[in-house]
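Participant: Turn this into a structure:
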Amino acid sequence: MALRSSLALLRLDNRRLLGKLAVVAALMFGFGYAMVPMYRAICEALGVNVLSSPEKGSAPRSSQVDLSRTITVEFDANARGPWDFKPAQRSVQVHPGELTTVMYEFRNVQGRTMAAQAIPSYAPQVAQAHFTKVECFCFNQWTLKPGEAKQWPVVFVIDPKLPKDVSTITLSYTFFEVGGKVPAAPGSRV
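Facilitator: Okay, the predicted model is just below:
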């Protein structure tokens, strides 16, 4: 009889455990099912909203472009040598986070082939950490034949985390000849 009662208690314990496990499984399923609406609510509250599509008739908008701010970017060019070097435009108005392209013009006015490179600098200095160049002629050294003219782009974006008190950035390039890359000028001693 003791064996039967212990088996009955064991079966009862197993049924209770099975009931508890079924409740836990149902709760887990319900929580997983509720995650999608909860995720949507969190994304909308934080402004991320990656699950919903734009309303009909509205253009998709990048959440990384800060349309509330306008930054003036001024361009400066300094040449260390006898060639022409200048930006195609002196300044642009951009929104932080907006991809922008500006062209620079180069012309070798020497009677010989030259190799040169540009080095950038920024004002104010704090802007350098927030000014990202995606493409720039300053990444490479260039060879220009006598009289050759070129246009090269600077493609950049300004990080929206740029301090709010910065409203103007000056991007300045110094273009200088790279020695040892091309033959020396006629009449010069090596």
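
Participant: I'd like the mean pLDDT over the helix or strand hosting M35, please.
Facilitator: Secondary structure from DSSP states H and E places M35 in helix 2-46. Summarised as a single mean, pLDDT over helix 2-46 is 80.

Participant: who does the next helix-or-strand element following that helix pair up with?
Facilitator: Of the helices and strands lying after helix 2-46 in sequence (DSSP H and E), the nearest is strand 71-80. According to DSSP bridges, strand 71-80 forms sheet pairs with strand 91-94 (antiparallel), strand 168-177 (parallel).

Participant: Give me the below-cutoff pLDDT ranges for this protein.
Facilitator: Under the criterion pLDDT under 70, the flagged ranges of the chain are 33, 39, 43-63, 180-190.

Participant: what does the domain assignment say about this protein?
Facilitator: 1-53, 71-177 (automatic domain parsing).

Participant: Check the ones you listed for me and report the most buried one.
Facilitator: domain 71-177 (a mean of 16; mean count of other Cβ atoms under 10 Å). C-beta: built from backbone N, CA, C; applies to glycine.

Participant: and it, how far apart are its ends?
Facilitator: 32 Å (Cα to Cα, to the nearest Å).

Participant: if we can go back for a sec, would you reformat the domains of the chain as TSV and include distance to Q64?
Facilitator: Below are the domains of the chain laid out as TSV (distance: least, Cβ to Cβ, whole Å):
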stretch	distance to Q64
domain 1-53	11
domain 71-177	4
